[in-house]
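K.L.:
got a sequence here, can you model it:
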Amino acid sequence: VRALVYKKDFDNIVGVLDSRRLIPYLYGYKKAANINRLLFSIYHFPATKELGDLLVDFLVNKLQIAVVIDEYGGTAGVVTLSGILSEMLGREFAMFEESYKLSIRRTGDNSSVISGEMQIDDFNFAFNEGLSSKESETIGGYIIERLGYFPSRDESIDTGKHVLRVRRVEKKRIHTIEVLPGADS
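P.N.:
Prediction:
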C-alpha cells in the first residue's frame, strides 16, 4: 500500500510511503528512522497537462502515482498509471485485465490452462472445486501456500479432483497453471 505523506496540509505533499518499507521497523529489525528517509519522491503535474503527455511522463520516469496541482498551486488530486490507462483505453482496459485473470484455455480433452491470478472462488466455480484458504486469494497463491515454497515449472499439487501443474513462473509469481484431472475425478 502506498500512502501520500504531507506536511501541515494536503496542499504540501512531500512524498510517498510504501508500507513495505515499514516492515523492518515494525518487527524491530531496524531502529526508528526519520520518516523522510523512507519516502519516495513524488512528481507534481499541472491539472492542465494533456493525458497523452502525462502518460509519456509516467512511462519515462517509471511512475505509478503523481500529484495533480491546480492553477492556485494547491493539490487538485492524485493520478495513477492505472487510472491514466483506464481513462485512455476506456472500459476495455479494465475488462481485458479482468478477463485475463478469468480466462480458461482448453488445451486437451481433460486439461486447461489458467492464470495464476485467478481467484480461488472463480476457480471453484469454473472447475466445480471446493478449495479454500485463509492466506491466499489466488490459485497461484494457493499452490505456493500448499507447497510451502515458490515452485518451479512442472511442480504440481493434487487437490483430489484436479492436479494443478505450474506451467510458467516469473519473478517468484506463478503466471500460468495447467489444470488436469485428479485421482478422484
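K.L.:
the nearest residue to Arg167 once chain neighbours are set aside sits in which helix or strand?
P.N.:
Closest residue in space to Arg167, ignoring its immediate chain neighbours: Thr176 at 4.3 Å, by Cβ to Cβ, 6 or more residues apart in numbering. In this view, the C-beta of every residue, glycine as well, is placed from N, C-alpha and C. Secondary structure from DSSP states H and E places Thr176 in strand 173-181.
K.L.:
tell me the phi and psi of the nearest residue to Arg105 once chain neighbours are set aside?
P.N.:
Spatial nearest neighbour of Arg105, excluding adjacent residues (Cβ to Cβ, 6+ apart): Val113 at 4.7 Å. When quoted as degrees, to the nearest 10, the phi and psi of Val113 stand at phi -120, psi 130.
K.L.:
contacting residues for Val113?
P.N.:
Val113 makes contact with 104-105, 107, 167, 176-179, according to Cβ atoms under 8 Å, 6 or more residues apart in numbering.
K.L.:
what mean pLDDT does the strand holding Thr176 get?
P.N.:
Averaging pLDDT along strand 173-181 gives 93.
K.L.:
can you confirm Ile114 is in a strand?
P.N.:
Yes - assigned with DSSP: H, G, I helix; E, B strand; the rest coil, Ile114 falls within a strand.
K.L.:
quick one on the thing from earlier: ok, what's across the strand from the residue nearest to Arg167?
P.N.:
Note on Thr176: beta-bridge partners by DSSP bridges are Ser115, Arg168.
K.L.:
now the residue of the chain most remote from its centre: which helix or strand?
P.N.:
Note on the chain: the largest C-alpha distance from the chain mean falls to Tyr72, namely 34.7 Å (Cα atoms, centre = their mean). Under DSSP H and E, no helix or strand contains Tyr72.
K.L.:
torsion angles phi and psi at it?
P.N.:
phi -100, psi 0.
K.L.:
quick one: it from Glu117, how far?
P.N.:
Shown here: Tyr72 relative to Glu117, a distance of 42 Å by Cβ to Cβ, to the nearest Å.
K.L.:
same deal with Pro46?
P.N.:
36 Å.
K.L.:
swap in Phe150?
P.N.:
15 Å.
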